[in-house]
Structure formats: structure tokens, C-alpha cells
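Asker: Return atomic coordinates for the entry below.
(chains A and B)
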Amino acid sequence: MSGAIVDEVLAPAGGDLAIAAAGPWQLARRRLLRNRVALVMAGLLAVIVALCLGAPLYAHHIAHTDPFRSNLDGTTIANGKRVPVMVQSTQGLGLGVTPIGPTWDVHHYFLGADGQGRDVAARLLYGGRNSLLIGTSAALITCFLAVLVGVVAGFFGGLVDGILSRLLDVVWAFPVYLLAISLSTVLIARGFSLGPLHLTSGSLLLPITIIGLVYIPYVARPIRGEVLSLRRREFVEAAIGLGASNWRLLWSDILPNVVTTAIVLFPLMLAIDMLTEAALSFLSIGVQEPKASWGSIILDGQDLLYTRPAVALAPGIAIALTVLALNVLGDGIRDALDPRAKLRKTKDD
Amino acid sequence: MRNRKSLIALALVAVIGVVATGSSSARTTSHRGGTLKLLANAAGGTLDPQVNYTLQYWQLYQATYDGLLAFQKAGGSAAFNVVPDLASSYKTTNGGKSWVFTLRKGIKFSNGRPVTANDVVASFRRIFKVKSPTAGGFYNGIVGASKCLKTPATCTLAGGISGKGNTVTINLTAPDAEFKYKLAVPHASILPASAPPNDAGSTPIPGTGAYYFSSYDSNKQLVMKRNPYFHVWSQLAQPDGYPDQITQSFGLTVEAQVTAVENGQADWGYDFPPADRLNELGTKYAAQTHLTPLTAFWYAPMNVNIPPFTSLKARQAVNYAIDRNALIKIFGGPKLATPSCQVLPPGFPGNKPYCPYTKNPGATWSAPDVAKAKQLVNASGQKGAKVVVISANDEVQKAVGVYLASVLNEIGFKATAKAISGNIAFTYPQNTKNHVQINVAAVVPGLPAASDFLHILFGCESFHPGSDSSINMAGFCNKPINAQMNAALKLENTNFPKANAMWAKIDRQVTDQAPMATMFTPKHLDFVSKRVGNFVFSKQFYWLVDQSWVQ
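Answerer: Presented below is the predicted three-dimensional model:
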């Protein structure tokens, strides 16, 4: 970390030698551990992730259900009685079939059934796995490619910067949701082939790639700006004066200073990517049936809002909690890595 | 004594007749007036009656436009009868190849201009000029039609149609027993000769019906008002309507439409009520809910030219595996649909109940045979094949697609379901370039004839590779069966009952070849407001809106 900006903030005003002796990552960890709200949210996120990872366990060993198979003629136990999963109206003209509501029994349709007679709780957990997988993978793609593009553009400048910046401008010019919807509409219908790479229309890689790509400018732009600023800093000029190669400058002086920005932006991008995935799946152009995601379960529940609101509410709440946890955790990480630029200032500040 | 008794009886009959006529007339007068308020989620597209091909507007065209002939404005199956409309009479000559019509006198368009033979001739030419969706399917038998189909802009139908005085003659290249039906659908509406030679879009074209379209804003509302030049010339073809004005407003969701009708803010919603409101309609609003069996069917065409459905066994496996009773639950339960295995729906000409794809094969479906389906998939060599089920993204079609994918996975395929926009869901599977393997479709016949199902949906002539207009979505072209279809079409000209018996056999053969999985025959649900009276449902064009009163 020689020459990195983070070194400059290490000297404590109060003369705390223990802190002064600690490395930047250790300091950041300590600051994060002191942020109780962020820790609570990290705990909440960990619980959500653990529950979602345990989806097969819940479906096969607790609820004994296949959440991907229609079960329109199935039965279950509610209040000690065997009842149909899809209840046919017998009153009046006998119109309509209503899925069973929440039984609050983890073994039998805890959150009720959806319009296909499938266990909503099991689909919620499986859906969470897909939503988290898509969000995390897309955020990784965004951050990795954005750092690459931002660093190269900012460091080399000139023609390279011009070309890369214009490319980012082109992507930026489109409203992000409109771009994601357009790409999804085309690619979800036909799949995507490029040389040896072939993504089938139902593949999760499609929404991951689409969401990962459309947000690159949103991360690459600030990173490029930061690199442009770093390029003129004394420690970089000193390294250049000492004859350091471009590769050494990038690897030892530039990258360590911008990687913290990417780390700070990662949870925030993850939250945004999960929301985008939910939106695309809600529009039937994200995760395809019989797979589930929180967005697609909300879509399933939309048709049952009047009689079985739990089907749409449960994934809605799950998305809200996860995004809240990620945003607060993201702020906590940012405060920990860059304490001079607090987003939420206290009175004393 | 005997004479006296007869006279008294005659007098009584006369009095009863007078009273009955009087009360009927009084009823008609007392209910006349008011505004019938209809709702729809979205507008139905162009208002041009020779271009539009949606039930949404075909329903309204019944009260606004007339053809030379018309389907009888009556409830039930009587609606399949064709009666003279703008023509007072017609006859066929030249072995059924020439149709001669005598026009009624004194009929005027809603702009005040009288209807003439010139308007009739221009209207038939216009079918081709505006590239009506059925120009090639319904009217290609008119002499000169093939040239008009190639160069629509200069269409004259030379030798195909002529008008002199009150007589119009249409010449066909071959006898066509179904031509009378084709003359009674809105695409054959008679319009003023001055109507634009292209799709009129949102500009209303004057008609001869009891109402005319006074304004149309596809983002807001369609308004129908009484045609000031209308008089009843045939109660069967074009009766007078009750409301003074009929409006169809756009933009409300289906949920909101139901709520508006419940609250009396509107009288009817075009869109099928959502699943979560059906129970409420069937209990709280049973008196306002009308259920009518349709001569239609929901089916899943399987592309016989793309694996895995190139295999007959794979196609039959899907038919055996579908639990029609379960599927019907998606549609709202057994009161709203009936399981089906064959193409021709119950009550339709040529229908003979037949169901080979059930646990106990016979006339009706009883239960799925999943074990047999799995055996067939194994035997087909297609086990593990990837299948994508395409459906429209509306609530019911999407749910049916998801169910089909689940069934396909159960019997050994690897299936996913893909819901696409309703705007392209009808044409997308038709184009072979899109490589659709199986999709969800619903068909309502345009004509009350077996050929409209069997020949149109599964005939070689309806399969056009690479075109969006290839209604034979399965790409099924079985030469021997197709030859029988063409023979049955010819036989219709001379012996309709015998032709229908032939269609029944063809229905059986097509079902055995399983180019589709027939799922169920639906019922239609109309939910009307409390104030709507005299609900009349035509099996051909559904609710006759103008025949209901609102006061």
C-alpha cells in the first residue's frame, strides 16, 4: 500500500498509537465493527442468505414439496384436516378456484400456495437464491469491468480515454431500465450466441450479463475521475520520477486507491441489481418459469392480490429487507473505508 | 255454431295479438334511451371494419355495419343462421359459382347517402385494397381475387363482381358453400364508395347499422350514437337498439373494471375477470353474471417439424399427460370450462365426441395417464429434450404455459415456460423462423363451419413457412388427411350433412396424429351492472350490446 491515500489518514489526532500502528484494512474493520446499525444489517443479510441457501433443505425435508411442479390437484394438512391446495368455490355459481392461504405450519404450505398450487414459502427461498445469485454476479461483473475500464481510461488518457468514455456515454445515454428491458426482451426470446458462447433463453446467465453490463458506466465514471485525480498526486509523480513502469504504477499506486471505491459501491450495486432483476422478472423478461425469483413471485401474486395477498407481499418484504440491509451495510463499509466523506452526518459533524 | 266458435276464437287470437304487440312495443319504447357504458383495458386497434379482426370491435360492428347478408341477431345457436341484410334476397346460379343479390331500397349510410350497387362493388374491392386479414382466406375464391391479392392498390375484381341498378352479382372460381358465412362477417361490411382505399385507423367510416361511431380516441374512449338515417328493414338482420348512446372507455385494469361494474359506474368490462374476483362474482353478483358455453377451444399446437415433437409418440405423450381437470382450475373451475381431447367443440357441425388420450379412452376425458405418457416419451427417444413453452403474458395463458412446462418436466422433457407480449403472442408462434416448439393458443371460429377449425388450423394450405400469417402453427401437413379436407369442402356444396360426417372422421384422424394437445372448451363470462336488462348472447358474436337496455 505504499503511497496510498489511505496512509494519510492513519495518524490519529488523539495520539492513539494502537490505531496508528494498524493497517488500513484493519482500521476499516475496526470502524465497521463499531457501527452497530451496519452490523445488525449485516446479520440480517446473513440470515436471509442462509435461509435462501437452505431452500432445498426446507423444500425436501421440511415441507416435502416440489416448488417447481404444478400441484393443482394436490392436498395438504391445515388445522389437522386434509384439504385441497386449490379450493373450488361451491357457493353461488361455483366460480373461481382459490389457492390455500398461509397455514403458518412450516411442514404444510407455511405461506400458502400460488396459482399453480406450489408452496410459496419454498419458492420464496429458491427465488431468493436466484435473486441473490443474479444480484451478486451482476454486481461483480459491473464492478470488475468498471474498475478495468475506469482505470485504463483514467490512467492512459488521450485516445484510449476518449474511446472508452464515449462508449460509456453511449450506454449512459439510455435510461437504464429501458436499456435492460430492451436487451432482455430481445435476448430472453431468442437466447444469445457469440462464437463459442451460447446462452439459452431460460439461462440465468442472461439476466446476470444484461444487468451486469448496463450499470458499468455508473461505477466506471467515478473510478475514472478518481484515477485522473490520482494521476496528478505527488506520490504518483514521485514514482514516475523514480522510473516506475506503467504496470507498477497501476498495480501499486492507482489500483489500491480505487479498489476501496469499488468495494464501497459493490453492496450498493448489489442492491440496485437485485431491484433491477425483480423489475425484469416482474415484466416476465428476467427469470423464466418454472424457476423463480422474488420479482417473478410478485408477478405470480399480482393475480391473487385480492384473495391471497401473502403471495406478493412475502417476496416484496424480502426484497425490501435485503435492499435495506445492503444499503445500510454499504454506507457502513464506505464510512469504514473513507471516514472523511460520511453520507449520513451526525449533529457533531 | 261451429262457425261462431271459430269466429270467437279468431277474435280472441286477434285481441291477444294486438295486446302482445302493444305491450312489446311499449316495452321497447319504455326501455329506449340512456347510455350503455362499456370498459376495456385497451383499445382494440383500428376502427376499420374491413381490417379489424378482434372480438372487441366485431361485437360493436354488429350494431354499426351491415353486409349483403348477416348472421341473425339472436341468442344461442340461432345466431349461426345467415339471413339477408342489405340484400332483400339472393340466389345462386351457374352451379353455385354466381351469387346474385337484390339490394333493398331506401337504406342510407349514417352520413345520409343512399346505399347503391356501386358502394357494394367498391366495398368488395376495398377488402383487397386495405389488405384485409381474411382477403386471402375468405375472399380468394372471387374471380379476379388472385390478381387483387398480388396488386391490391389496383384491384378491380374484374369479372368477379358487378352491379347494375339494384342487382349485384359475385362470381366465384368454384362453388363455395361457406361463402354465405363469409359475406356475413364484418370484413364484408358494405361501406360508402368514398371510403379511403387504405386502413382508416381511428377515423370512423359511415355505416348502415342502428348506430354509428361518432368519435374514437384509442387512449380514451369510443362513442357510438344512434344513426339518424336508420330504420328497421329486417328485425333478424339489424334490429333497432335500446340505448341512445354506447361508449367504450379504455385504460382501466381488469380489477378496476370489475369494481366499476360492481359499483354501477360502468355496465360491462370486455376483459375476462381476474381469477381472484371470480368467487365474488359467482356469489355476491350471481344475478349479474352470465355464463355461456362457447364453440371454441384452448389448445397447445406442437410443431411437428421441430424436435421433440417430430415424434408422434412425443406428441401423444403430452396429450396423455395433461390433467384437463387440473388445467380447468386455472381457468376458474369446471363451471367455466369442459375438458376436451378433439378439435371440433361440442355442438359444432361435425362434432362427434372422441377422446383417445385418457385413462379409459372413449367419448369423454376422465383422467390423465401419466405412466403411459412416460412410456411414450421413452419410446420416442426424445427423453431429456429441451422444450420451451410459449404463451401470452396475460394471467390465464401464462398460467397454462407454466402448467404445461410442469407436465412436460414430469414426463421426461426439460421444459421452461416463456410468456411473451400479448401483442405478438398470436403471430410469433406462426412464424417458423422463431422455432416455437409448443405454445398456448385459444381459437374462436370466425365461421360456424368445421373447416374453420380443421382446414384452417391443420390444413396444408394454412402452413406458410417463414410467414407471420401461418395459422397452422403446428406446421401439420398430412397429404392424405388434407385431401380428405378438400373433398369435404367440395361435398359441402351438395350435401352438408354428409360433409359434416366426413369432417367428423377428419377430426378423429387429426386428433390421432396429435399435432396439438386439445385442453378444454371454455365458457364465456359476462359481468354486467345491475341496470342492464335483456341480455342476449349470440354464439357467433357474443353479447349483442345494443339489444340490452339500461333503463
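Asker: need the helices for the stretch 101-250 of chain A, in chain order.
Answerer: Defined through DSSP state H, counting those that start in this stretch, the helices belonging to the stretch 101-250 of chain A, from first to last, are A:120-156, A:158-173, A:176-190, A:205-214, A:216-231, A:234-241, A:246-248.
Asker: Equivalent analysis for chain B, please.
Answerer: Under the criterion DSSP state H, chain B carries helices at the ranges B:2-31, B:55-61, B:117-129, B:145-150, B:179-182, B:254-262, B:275-283, B:312-321, B:324-331, B:370-380, B:395-410, B:450-458, B:479-491, B:496-513.
Asker: Nearest to A:Gln91, out of the ones you listed?
Answerer: Distances from A:Gln91 to each of those were compared by Cβ to Cβ, and the smallest falls on helix B:275-283, at 4.8 Å. Every residue, glycine included, has its C-beta placed from N, CA and C.
Asker: could you check the angle helix B:395-410 makes with that closest one?
Answerer: For helix B:275-283 against helix B:395-410, the angle by axes from the mean of the first three to the mean of the last three Cα atoms, to 10 degrees is 120 degrees.
Asker: now for helix B:275-283, which elements pack on it?
Answerer: Counting contacts by 3 or more Cβ pairs under 8 Å, 6 or more residues apart in numbering or on different chains; DSSP states H and E, helix B:275-283 packs against strand A:97-99, helix B:254-262, strand B:516-527.
Asker: now the helices of the stretch 101-250 of chain A in a markdown table, with mean neighbour count and mean pLDDT?
Answerer: A markdown table is the format used below for the helices of the stretch 101-250 of chain A (neighbours: other Cβ atoms under 10 Å in any protein chain shown; pLDDT from 0 to 100):
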| stretch | mean neighbour count | mean pLDDT |
| --- | --- | --- |
| helix A:120-156 | 23 | 96 |
| helix A:158-173 | 13 | 92 |
| helix A:176-190 | 17 | 81 |
| helix A:205-214 | 23 | 92 |
| helix A:216-231 | 21 | 93 |
| helix A:234-241 | 14 | 90 |
| helix A:246-248 | 10 | 89 |
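Asker: Any chance of the ones you listed in TSV with distance to A:Leu57 as columns?
Answerer: Compiled in TSV, the helices of the stretch 101-250 of chain A are given as follows (distance: least, Cβ to Cβ, whole Å):
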stretch	distance to A:Leu57
helix A:120-156	9
helix A:158-173	41
helix A:176-190	30
helix A:205-214	25
helix A:216-231	35
helix A:234-241	51
helix A:246-248	47
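Asker: what's the closest of these to B:Gly459?
Answerer: Relative to B:Gly459, the nearest member of these by Cβ to Cβ is helix A:176-190, separated by 28.1 Å.
Asker: what's the closest one packed up against?
Answerer: For helix A:176-190, the packing partners by 3+ Cβ pairs under 8 Å, 6+ apart come out as helix A:205-214, helix A:255-282, strand B:414-420.
Asker: Point out the residues in the stretch 51-200 of chain A that sit beside chain B.
Answerer: Where the stretch 51-200 of chain A comes near chain B, counting by Cβ under 8 Å from any Cβ of the partner chain, the residues are A:68-70, A:72-73, A:86, A:88-89, A:91-98, A:115-116, A:188-189, A:200.
Asker: Is it possible to mark the buried ones in those?
Answerer: Burial of these was assessed by neighbour count (16 or more other Cβ atoms under 10 Å in any protein chain shown); the buried members are A:68-70, A:72, A:86, A:88-89, A:92-98, A:115-116, A:188-189.
Asker: Closest residue of the stretch 451-551 of chain B to chain A?
Answerer: Relative to chain A, the nearest point of the stretch 451-551 of chain B is B:Leu525 (7.5 Å; Cβ to the nearest Cβ).
Asker: what bridges to that residue?
Answerer: Under DSSP bridges, the beta-bridge partners of B:Leu525 are B:Leu291.
Asker: Distance of it relative to A:Ser131?
Answerer: B:Leu525 is 36 Å from A:Ser131, where distance means Cβ to Cβ, to the nearest Å.
Asker: ditto for B:Tyr61
Answerer: 47 Å.
Asker: which residues touch the nearest residue to B:Val407 once chain neighbours are set aside?
Answerer: Among residues not flanking B:Val407 along the chain, B:Ala321 sits closest, at 5.0 Å (Cβ to Cβ, 6 or more residues apart in numbering or on different chains). The neighbourhood of B:Ala321, defined by Cβ atoms under 8 Å, 6 or more residues apart in numbering or on different chains, consists of B:Pro368, B:Asp369, B:Val370, B:Ala373, B:Val407, B:Leu408, B:Glu410, B:Ile411.
Asker: With just CA atoms, put stretch B:250-270 into PDB.
Answerer: Once non-C-alpha atoms are left out, stretch B:250-270 reads as follows in PDB (Å, rounded to 0.1, in the frame of the first residue of the first chain):
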ATOM      1  CA  PHE B 250     -60.100   2.400 -22.200                       C
ATOM      2  CA  GLY B 251     -57.400   2.300 -19.600                       C
ATOM      3  CA  LEU B 252     -58.800   0.600 -16.500                       C
ATOM      4  CA  THR B 253     -57.200  -2.600 -15.300                       C
ATOM      5  CA  VAL B 254     -59.300  -5.700 -15.200                       C
ATOM      6  CA  GLU B 255     -59.600  -5.500 -11.400                       C
ATOM      7  CA  ALA B 256     -60.800  -1.900 -11.700                       C
ATOM      8  CA  GLN B 257     -63.300  -2.800 -14.400                       C
ATOM      9  CA  VAL B 258     -64.900  -5.400 -12.100                       C
ATOM     10  CA  THR B 259     -65.100  -2.900  -9.300                       C
ATOM     11  CA  ALA B 260     -66.600  -0.200 -11.500                       C
ATOM     12  CA  VAL B 261     -69.300  -2.600 -12.700                       C
ATOM     13  CA  GLU B 262     -70.000  -3.700  -9.100                       C
ATOM     14  CA  ASN B 263     -70.400  -0.100  -8.100                       C
ATOM     15  CA  GLY B 264     -72.600   0.700 -11.000                       C
ATOM     16  CA  GLN B 265     -70.100   3.200 -12.500                       C
ATOM     17  CA  ALA B 266     -70.000   1.100 -15.700                       C
ATOM     18  CA  ASP B 267     -72.100  -1.600 -17.200                       C
ATOM     19  CA  TRP B 268     -69.600  -4.200 -18.500                       C
ATOM     20  CA  GLY B 269     -65.900  -4.900 -18.900                       C
ATOM     21  CA  TYR B 270     -64.600  -6.500 -22.100                       C
END
